[in-house]
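Show me the folded form of this:
(one chain, ligands or ions: 2)
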Amino acid sequence: MTMSQTQDTSVILVCAGNATRMQGKNKILLPLGDTNVIGMSMRAFEACPRVAEIIVVARPADHDAIRETAEQCGITKFHAIVAGGSTRQESVMCGLRALSKGTTMIAVHDGARPLVKTEQIAQVIQDASVFGGATLGVPVKDTIKVVNDRLIVDTPYRPHLYITQTPQVFKRQLYFEAVTFAEEHALDFTDDCQLIEAINCKVYMTEGDYINIKITTPEDIAIAEILLARQKEEA
Ligand SMILES: Nc1ccn([C@@H]2O[C@H](COP(=O)(O)OP(=O)(O)OP(=O)(O)O)[C@@H](O)[C@H]2O)c(=O)n1
Ligand SMILES: C[C@](O)(CO)[C@H](O)COP(=O)(O)O
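Ligands and ions are numbered 1, 2, ... in the order given. As a prediction, the model looks like this:
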């Protein structure tokens with residue numbers, strides 16, 4: 001595939017988790033809006049001009065249903081679907097192997113965050129182009145305590161705390177440098193920013209919004225439907 005100048009970003013949508021907190025429901029394929037969770041996620045990236053290709057990492061049993069969803073949603077940037085690993089980071093690594101050669105930016109997104117907005121995807125890609133790496137996130141609203149043996153040991157200064165979301169976007173060369181370091185040191189992280197932090201590089205926090213939730217427990221799908229309906233009313 002040849003990449004045009006503006007289409008410089010490969011997206012890895014990780015969907016290969018076990019959804020253990022979803023009480024046995026396959027959250028990626030749960031109905032949402034006029035499609036399902038993964039359909040909504042793919043559409044948001046399809047609409048972003050800088051996105052060149054979408055690689056989905058999912059359990060083999062879900063591949064046919066995801067391909068079908070991509071077709072129904074008119075996803076033209078669907079590039080590959082591959083199996084995942086036993087941790088989120090391993091799943092991202094599986095997606096990396098399917099990257100096309102021509103892209104210079106890599107965006108990693110939880111397939112389970114279907115309400116991400118295309119404008120915010122564009123903004124975080126832009127910020128990553130400037131800073132090397134960027135993630136969407138939102139300021140923490142509550143006071144956070146660090147607890148050890150049920151005793152509070154610290155209260156971090158709230159203005160310094162953000163909830164980290166996805167997509168997390170990186171310049172390709174920097175990302176591969178960080179992945180190589182993690183592999184050499186057997187590091188396994190719950191988000192991709194930590195890969196970059198581990199090699200002492202900075203990641204920019206792009207302020208997103210609170211509706212970019214991760215579908216994790218059963219009530220989240222009902223919350224997502226409400227947020228979606230509100231978005232439609234506002235449009
Ligand atoms: N081995 C894994 C673990 C997670 N993920 C993906 O990473 C995202 C964030 O993970 P989370 O929401 O915690 O999903 P699960 O791991 O499926 O949930 P649980 O912890 O409840 O099992 C999800 O889109 C999930 O499918 C993945 O691709 N491969
Ligand atoms: C990447 C992430 O969504 C940022 O909030 C989160 O870290 C995923 O973590 P999980 O352990 O897979 O739930």
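
ok, which stretches of the chain are helices?
With helices called from DSSP state H, the chain shows them at 37-46, 63-72, 88-96, 118-131, 172-184, 193-198, 219-234.

quick one, which of the ones you listed is nearest to ligand 1?
helix 88-96 (3.4 Å; C-beta to the nearest ligand atom). For glycine as for every other residue, the C-beta is placed from the backbone atoms N, C-alpha and C.

Report all helices and strands that that closest one contacts.
Identification of packing neighbours for helix 88-96 by 3 or more C-beta pairs under 8 Å, 6 or more residues apart in numbering; DSSP states H and E yields strand 9-15, strand 51-58, strand 105-110, helix 172-184.

Pick the most deeply packed of the ones you listed.
Stretch with highest mean neighbour count among the helices and strands packed on helix 88-96: strand 9-15 (a mean of 27; mean count of other C-beta atoms under 10 Å).

tell me the mean pLDDT over that strand?
Per-residue pLDDT over strand 9-15 has a mean of 98.

near ligand 1, which residues of the protein?
Contact residues (C-beta under 6 Å from any ligand atom) of the chain with ligand 1: 14-21, 57, 84-88, 91, 110-112, 214, 216.

so who does the single nearest residue of the chain relative to ligand 1 touch?
Residue of the chain nearest ligand 1, by C-beta to the nearest ligand atom: Gly17 (2.0 Å). Neighbour list for Gly17: Gly84, Arg88, Ser91, Ala112 [criterion: C-beta atoms under 8 Å, 6 or more residues apart in numbering].

Could you give the number of residues near the last one?
Neighbour count of Ala112, defined by other C-beta atoms under 10 Å: 24.

What of the third one?
Taking other C-beta under 10 Å as the criterion, the count of residues near Ser91 is 25.

In terms of pLDDT, where does it sit?
98.

Then the last one?
What the model reports as pLDDT for Ala112 is 98.

Isn't it up against Ile28?
Yes: when contacts are counted by C-beta atoms under 8 Å, Ala112 is listed as touching Ile28 (6.6 Å).

For the lowest-mean-pLDDT helix or strand in the chain, enumerate the helices and strands it packs against.
Here the helix or strand of the chain ranked lowest by mean pLDDT, DSSP states H and E is helix 219-234, holding a mean of 94. Packed against helix 219-234 by the contact rule (3+ C-beta pairs under 8 Å, 6+ apart) you find strand 31-32.

strands paired with the strand it packs on, and their directions?
In the sheet, strand 31-32 lines up against strand 35-36 (antiparallel) (DSSP bridges).

now the strand it pairs with: how far from the chain's centre is it?
18 Å (C-alpha atoms, centre = their mean, to the nearest Å).

Might you report the residue contacts of Gln120?
Here Gln120 is in contact with Leu136, Thr206, Gly208, Asp209, Asn212 (criterion: C-beta under 8 Å, 6+ apart).

Kindly state the beta-bridge partners for the residue of the chain most remote from its centre.
In the chain, the residue that sits farthest from the middle, by C-alpha atoms, centre = their mean, is Leu151; the gap is 33.7 Å. With DSSP bridges as the criterion, Leu151 is bridged to Asn148.

That one and Lys145: what is the separation?
Distance, Leu151 to Lys145, using C-beta to C-beta, to the nearest Å: 10 Å.

go on, Gln165?
22 Å.

what about the two, which has more around it?
Gln165 (24 against 11).

shouldn't the more buried one be in contact with Glu207?
No: the pair Gln165 / Glu207 is not scored as a contact, 10.3 Å apart, by C-beta under 8 Å.

Residues that sit against both of these two, list them.
Leu136, Gly137, Val138.
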